[in-house]
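>>> got a predicted structure plus its sequence, pasted below:
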Amino acid sequence: DAGVTQSPTHLIKTRGQQVTLRCSPKSGHDTVSWYQQALGQGPQFIFQYYEEEERQRGNFPDRFSGHQFPNYSSELNVNALLLGDSALYLCASSKTGLFGYTFGSGTRLTVV
Amino acid sequence: AQKVTQAQTEISVVEKEDVTLDCVYETRDTTYYLFWYKQPPSGELVFLIRRNSFDEQNEISGRYSWNFQKSTSSFNFTITASQVVDSAVYFCALMGTGTASKLTFGTGTRLQVTL
């Protein structure tokens, strides 16, 4: 049973560029949440998608946007990258109504 | 607003020692859930335990045990007879019962177990 799959695993981008990160949820899960984890910090909630809609958003600017597809997979887009966007981006999937979250191994984004 | 505090930034122990990781939380929700996750160098967050706010029973799972005390808003985690494989960053997290049920994490405690 595959868990949460994220791609790519590592990425280096230049300031001002745009990036797209991808997440495939665990089989049977329909909800996807994205978290940003800066070095030495705990993960911070970015947003959550359910039924292809953004259900809740954390304290992140509009440069961060997302999408969920009919097969429940999800993308995280970040525009106009800043050096401070360098972090590990974690995707977590869950089944609505249940409180079990499965995390992927993350995408490490470096902005130079 | 919800908040999780893990005051211990880093702990170093020698193998076979017992170690306790502290977690203090703040929430206005009457129903909430508390979690512990382990993050090895690979980056993936590994689920260890979930506790709801109505269940204050302590739990033991092998070498791991958890002490939930609502009166002090604490949810501490103890590893008995630590092993080198326990070396990782451990996160305590809180989830309310809002629509999205997001997790609020502490800043983590890095545990280093040496021989």
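Okay, I see it. Numbering: from 1, shown residues only, chains lettered A, B, ... in the order given.
>>> Three-state assignment for the residue most central in space within chain A, please.
In chain A, the residue lying closest to the centroid (Cα atoms, centre = their mean) is A:Trp34, at 3.4 Å. Classification of A:Trp34 by DSSP: H, G, I helix; E, B strand; the rest coil places it in strand.
>>> for chain B, which segments count as strands?
Counting by DSSP state E, the segments of chain B that form strands are B:3-5, B:10-14, B:19-21, B:24-26, B:33-39, B:46-52, B:59-61, B:64-69, B:74-79, B:88-95, B:103-105, B:109-114.
>>> quick one, which of those strands is nearest to A:Arg57?
Closest approach to A:Arg57 among the strands of chain B (Cβ to Cβ): strand B:103-105, 14.3 Å. (C-beta placed from N, C-alpha, C; glycine too.)
>>> okay, now the sheet partners of the closest one, with direction.
Using DSSP bridges, strand B:103-105 pairs in its sheet with strand B:88-95 (antiparallel).
>>> distance between the partner strand and the chain's centre?
5 Å (Cα atoms, centre = their mean, to the nearest Å).
>>> if you count neighbours, what's buried in it?
For strand B:88-95, the neighbour count (16 or more other Cβ atoms under 10 Å in any protein chain shown) marks B:Ala88, B:Val89, B:Tyr90, B:Phe91, B:Cys92, B:Ala93, B:Leu94, B:Met95 as buried.
>>> repeat for stretch B:50-62
For stretch B:50-62, by 16+ other Cβ under 10 Å, it's B:Arg51, B:Ser53.
>>> and if you look at stretch A:64-74?
A:Phe64, A:Ser65, A:Gly66, A:Gln68, A:Tyr72, A:Ser73, A:Ser74.
>>> okay, the closest residue to the last one other than its chain neighbours and chain B: tell me how far apart.
The one in question is A:Ser74. Leaving aside its chain neighbours, A:Ser74 sits nearest to A:Val32 (4.1 Å; criterion: Cβ to Cβ, 6 or more residues apart in numbering or on different chains). According to Cβ to the nearest Cβ, to the nearest Å, A:Val32 and chain B sit 11 Å apart.
>>> my guess is A:Val32 meets A:Leu90, correct?
No - between A:Val32 and A:Leu90 there is no contact under Cβ atoms under 8 Å: 11.0 Å.
>>> looking at those two, which is more packed in?
Legend: neighbour count by other Cβ atoms under 10 Å in any protein chain shown for A:Val32 and A:Leu90, higher for A:Val32 (29 against 26).
>>> okay, now B:Thr20: neighbour count?
B:Thr20: 13 neighbours (other Cβ under 10 Å).
>>> which residues touch the residue lying closest to it once chain neighbours are set aside?
Spatially, and ignoring its direct neighbours in sequence, B:Thr20 is nearest to B:Thr78 (4.6 Å; Cβ to Cβ, 6+ apart). Residues counted as contacts of B:Thr78 (Cβ atoms under 8 Å, 6 or more residues apart in numbering or on different chains) are B:Asp18, B:Val19, B:Thr20, B:Leu21, B:Tyr64, B:Ser65, B:Trp66, B:Asn67.
>>> nearest to A:Glu53 among these?
For the contacts of B:Thr78, the nearest to A:Glu53 is B:Trp66 (35.2 Å; Cβ to Cβ).
>>> may I ask which two of the buried residues of stretch A:64-74 are separated the most?
Checking the buried residues of stretch A:64-74 with Cβ to Cβ, the most distant pair is A:Phe64 and A:Tyr72, at 19.8 Å.
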